[in-house]
Structure formats: structure tokens, C-alpha cells
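Visitor: Turn this into a structure:
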Amino acid sequence: MSKEDKSNELQFESRMNKVFEMMLYDHLSWNEFRTQASKEFKITPRQAENLWKEARTRLKERFSQNQEEILENHLNQLYDLLRRCRDDNNKRTEREVLADIAKVQGMERTKVDITSGGQPIMINIKLD
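Guide: Model (predicted):
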């Protein structure tokens with residue numbers, strides 16, 4: 001990687017920090033951002049749009065990572081509670097905690113209407 005490439009990458013990351021500020025703290029709309037970023041960074045509106053898209057992608061990735069950490073932490077707490085319920089021989093709460101763990105992990109059973117989509121069913125039986 002040449003010096004020029006590194007400086008361009010540093011400049012890009014510096015811009016991204018400012019882009020996050022503009023989006024999160026200044027609460028600029030897409031049009032406002034495009035106008036202001038193109039003036040501030042001396043770039044075309046199209047390049048400003050690309051900065052906006054990159055920032056949104058990075059924010060989604062960060063949110064996804066935080067969400068996984070929160071989920072993992074919650075599951076750890078539920079498993080700790082489950083262990084304490086078993087130690088105390090508290091069967092009722094143990095069953096409820098197991099149901100909560102199943103919900104968090106997406107293994108819960110939901111009732112599915114496989115009949116008529118909630119509509120009344122008419123059955124005609126002819127006996128001849």
C-alpha cells in the first residue's frame with residue numbers, strides 16, 4: 001500500500017467520523033446531508049450519497065453486533081437463574097425459565113391454525 005493510498009484511507013475514515021456526527025448528532029435528513037457533505041468535503045452530491053450509504057452499512061453492522069452481545073448476556077442470566085432454580089428445587093420457576101430460554105433461542109412452539117384460517121368450518125356428511 002502506497003503512502004497516497006494510506007492517506008486517502010485516513011482521509012476517508014476522518015470523513016466517516018464527521019458523517020456519523022452529521023447523521024446522529026445533527027439529525028440531518030438525506031437531502032440535507034447530501035447538500036452539506038458535498039459542500040463541506042468539496043465532493044459531488046453523488047459521492048456524498050456514497051458516504052451516507054457506507055455510514056448506514058457500518059451503523060447496521062454495529063447494531064447487529066450489539067444485539068448479539070445483549071442476547072448472549074440475557075441467555076447467560078437465564079441459565080444462571082435456571083441453575084439456581086434447580087439448586088432450590090423450584091420446579092415451577094424452572095419450567096418458566098426453560099420456556100423463556102426457548103423463546104429467546106427461537107424454539108418456542110406457537111399454535112398454528114391449520115384449519116380454515118379462522119373461518120367457521122362447515123362439514124356436511126351425507127349418510128345414504
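
Visitor: Provide a list of residues in contact with S29.
Guide: Applying C-beta atoms under 8 Å, 6 or more residues apart in numbering to S29 gives no contacts. The way it works is simple: take the backbone N, C-alpha and C, and place the C-beta from them, glycine included.

Visitor: err, W30, not the other one
Guide: Per C-beta under 8 Å, 6+ apart, neighbours of W30: W52.

Visitor: That one and E49: what is the separation?
Guide: Separation of W30 from E49 (C-beta to C-beta, to the nearest Å): 8 Å.

Visitor: cool, and H74?
Guide: For H74, the distance to E49 - C-beta to C-beta - is 37 Å.

Visitor: Counting neighbours, go ahead and name the busier of these two.
Guide: Neighbours were counted for H74 and for E49 using other C-beta atoms under 10 Å; E49 has more, 16 against 13.

Visitor: tell me the secondary structure for the residue nearest to that one when sequence neighbours are not counted?
Guide: The shortest distance from E49 to any non-neighbouring residue, by C-beta to C-beta, 6 or more residues apart in numbering, is to R34 (5.9 Å). Following DSSP: H, G, I helix; E, B strand; the rest coil, the label given to R34 is helix.

Visitor: Just read off the phi/psi values of L28.
Guide: According to degrees, to the nearest 10, the main-chain angles of L28 amount to phi -80, psi 140.

Visitor: now it, nearest residue through space, not along the chain?
Guide: Closest residue in space to L28, ignoring its immediate chain neighbours: M22 at 5.2 Å, by C-beta to C-beta, 6+ apart.

Visitor: Touching, that neighbour and T35? I think so.
Guide: No - counting by C-beta atoms under 8 Å, M22 stays clear of T35, with 10.9 Å between them.

Visitor: The nearest residue to I43 once chain neighbours are set aside - how many residues pack around it?
Guide: Nearest non-adjacent residue to I43, counting by C-beta to C-beta, 6+ apart: A37, 7.1 Å away. When neighbours are defined as other C-beta under 10 Å, A37 has 24 of them.
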